[in-house]
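Engineer: Output the structure for:
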Amino acid sequence: MAANIVSRSLKRVRKLLADGAAKHRLDGRELIKVRNLLHECASGAGGEVSTRRRAARLAETYQDLDDDGRAGFLRLIATEFGPDPERVEQAHAAYQASIGEAAQWEAESNLRQALRSSRLRILTQFTALPQGVKFLVDLRADLLRFLARDPALPSLDRELESRLSAWFDVGFLELQRITWDSPAVLLERLIEYEAVHEIRSWSDLKNRLDSDRRCYAFFHPRMPLEPLIFVEVALTDRLADNVQTLLDENAPVFDTEQASTAIFYSISNTQTGLRGVSFGNFLLKRVVDDLKRDYPRLVHFATLSPLPSFRRWAEKTPEAWGCAFSTNDLQKIARLLPDGSGPLTAADQLPQLLADGQWIEQPRLARALEHGLLRLAARYLLTASRNGRPYDPVARFHLGNGARVERLNHLADTSARGREQSYGLMVNYLYDPDTIELNVEAFSTSGDIAAAAAIRRSIRD
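Structural biologist: Model (predicted):
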């Protein structure tokens with residue numbers, strides 16, 4: 001009987017997710033029911049069947065709420081199920097009084113227990129559901145959206161992030177290669193979650209899974225068809241310098257026996273609710289090991305990466321253009337500008353002249369802009385910072401994992417997105433096994449950025 005109730009509840013949860021049923025607010029009557037269920041969860045009343053029934057009913061209720069209702073649901077957990085202040089005060093006083101005495105260690109244990117909130121006991125009960133871990137990941141995604149509107153929620157978020165970090169420790173994750181023969185639902189998820197270069201069709205996806213390509217993902221045992229993060233790899237014989245060429249469906253398949261270089265051209269995190277839970281660096285290290293085992297001739301491991309914040313930074317930093325473009329550069333560019341563009345008298349006029357992206361379609365003008373844009377991008381990568389860390393989020397990731405800035409590529413991504421983000425520029429980060437650990441240490445301790453000599457020279461020229 002109880003098992004049937006749980007099953008029906010779970011089916012309703014899945015149906016609500018699938019058909020986008022109308023959501024409603026958390027009214028007074030339902031709030032009382034939710035509060036009572038939460039108190040039962042906090043007390044741990046009943047056995048396993050009762051736990052599953054309560055968790056299923058709460059999950060069903062939560063999924064059926066609109067944003068205001070969900071925010072109220074989470075606020076209820078955050079404010080009414082935290083540590084008991086009086087108990088914490090007493091335990092802390094007992095601990096302070098026992099320091100240096102034999103009772104210190106028991107007092108420390110009691111203080112730690114007093115600080116443990118009922119929130120974790122409530123949240124953990126959702127894991128009893130077949131899709132409970134995924135439910136909690138999605139619940140945290142909601143929580144992250146609501147943090148700015150309610151100061152009571154960050155404590156709940158920190159507790160949930162800590163618990164998810166433990167559940168999603170890299171030691172529990174499984175590395176799997178995804179192929180064209182993988183389940184259709186998993187292939188659909190790749191299309192949905194691809195965050196760097198949109199997968200436009202099934203033929204596009206098939207090309208990315210061909211014999212000269214690899215796709216790897218981390219999975220959690222409780223979310224077997226939900227990739228947590230995945231990386232797409234191209235096997236080639238040189239550093240890639242153009243993503244459109246790399247993704248060309250009509251290009252011949254490369255002979256992997258001749259491959260010397262693995263290009264990581266897309267890394268996508270898929271679960272917003274796992275923000276702050278880091279496993280991307282472990283993914284790359286595991287993938288490198290896997291590739292080296294299968295292809296012993298591989299000697300270079302590099303990325304073809306976007307510069308997602310470059311144009312935004314450049315438009316906000318007009319003085320940087322004057323450092324990147326010489327007077328001679330400006331004269332060459334001015335001669336090639338279309339009629340009606342107006343005179344070009346200073347480098348800080350360039351952002352406005354380049355705003356519409358039409359210059360990319362004019363080969364001579366694009367060539368005249370190339371060196372200046374490359375110098376500007378090198379300055380951005382090596383000097384632009386935010387809170388003491390590289391301004392660019394992709395750079396923060398790869399530099400923090402021990403890569404070095406190897407090469408900048410002009411007109412490497414001429415898609416609308418590439419133009420909007422970075423004037424079409426992309427960058428190769430190189431993972432050299434002999435220097436990775438040294439680079440990580442230098443970056444983490446003093447913020448030193450590893451970069452090829454040519455990149456460093458370009459900002460001094």
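
Engineer: Domain parsing of this protein, as residue ranges.
Structural biologist: Domain segmentation of the chain under automatic domain parsing yields 2-82+117-167, 171-303, 310-458.

Engineer: Relative to the whole chain's centre, how far out is the shortest one?
Structural biologist: The one in question is domain 2-82+117-167. Put simply, domain 2-82+117-167 sits 24 Å off its chain's centre (CA atoms, centre = their mean, to the nearest Å).

Engineer: and Val427, backbone torsions?
Structural biologist: phi -130, psi 140 (degrees, to the nearest 10).

Engineer: repeat for Ala71
Structural biologist: Per degrees, to the nearest 10, the backbone of Ala71 is at phi -60, psi -40.

Engineer: Against Trp105, how distant is it?
Structural biologist: 41 Å (CB to CB, to the nearest Å). Quick note: C-beta positions are derived from backbone N, CA and C, even for glycine.

Engineer: And the two? Which one has more around it.
Structural biologist: Counting neighbours by other CB atoms under 10 Å for Ala71 and for Trp105 shows that Ala71 has the greater number, 19 against 11.

Engineer: can you pull the pLDDT of that one?
Structural biologist: Looking at Ala71, its pLDDT is 95.

Engineer: Please verify my assumption that it contacts Phe146.
Structural biologist: Yes - using CB atoms under 8 Å, Ala71 is in contact with Phe146, at 4.7 Å.

Engineer: Rebuild the domains of the chain as CSV, extending it with distance to Asn110.
Structural biologist: Converted to CSV, the domains of the chain look like this (distance: least, CB to CB, whole Å):
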stretch, distance to Asn110
domain 2-82+117-167, 15
domain 171-303, 30
domain 310-458, 37
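
Engineer: Mean pLDDT lowest where, among those?
Structural biologist: Among those, domain 2-82+117-167 scores lowest, at a mean of 83.

Engineer: can you pull out the helices in the stretch 101-250 of the chain?
Structural biologist: 104-115, 118-125, 132-146, 154-167, 184-193, 202-208, 243-246 (DSSP state H, counting those that start in this stretch).

Engineer: Pull the contacting residues for Arg222.
Structural biologist: For Arg222, the contacting residues are 127, 132-134, by CB atoms under 8 Å, 6 or more residues apart in numbering.

Engineer: What distance do you get for it to Phe126?
Structural biologist: Applying CB to CB to Arg222 and Phe126 gives a distance of 11 Å.

Engineer: Same question for Thr445.
Structural biologist: 40 Å.

Engineer: Neighbour count: these two, which is higher?
Structural biologist: Ranked by neighbour count (other CB under 10 Å), Thr445 and Phe126 place Phe126 first, with 23 against 8.

Engineer: which residues touch the nearest residue to the more buried one once chain neighbours are set aside?
Structural biologist: Using CB to CB, 6 or more residues apart in numbering and skipping the chain neighbours, the partner closest in space to Phe126 is Gly132 (4.2 Å). Neighbouring residues of Gly132 by CB under 8 Å, 6+ apart: 55, 59, 126, 222.

Engineer: is it possible to export these to TSV including distance to Asp289?
Structural biologist: Output for the contacts of Gly132, formatted as TSV (distance: CB to CB, whole Å):
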residue	distance to Asp289
Ala55	39
Ala59	38
Phe126	35
Arg222	25
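
Engineer: Pick the one among the residues you listed closest to Lys285.
Structural biologist: Checking those against Lys285 with CB to CB, the nearest one is Arg222 at 23.5 Å.
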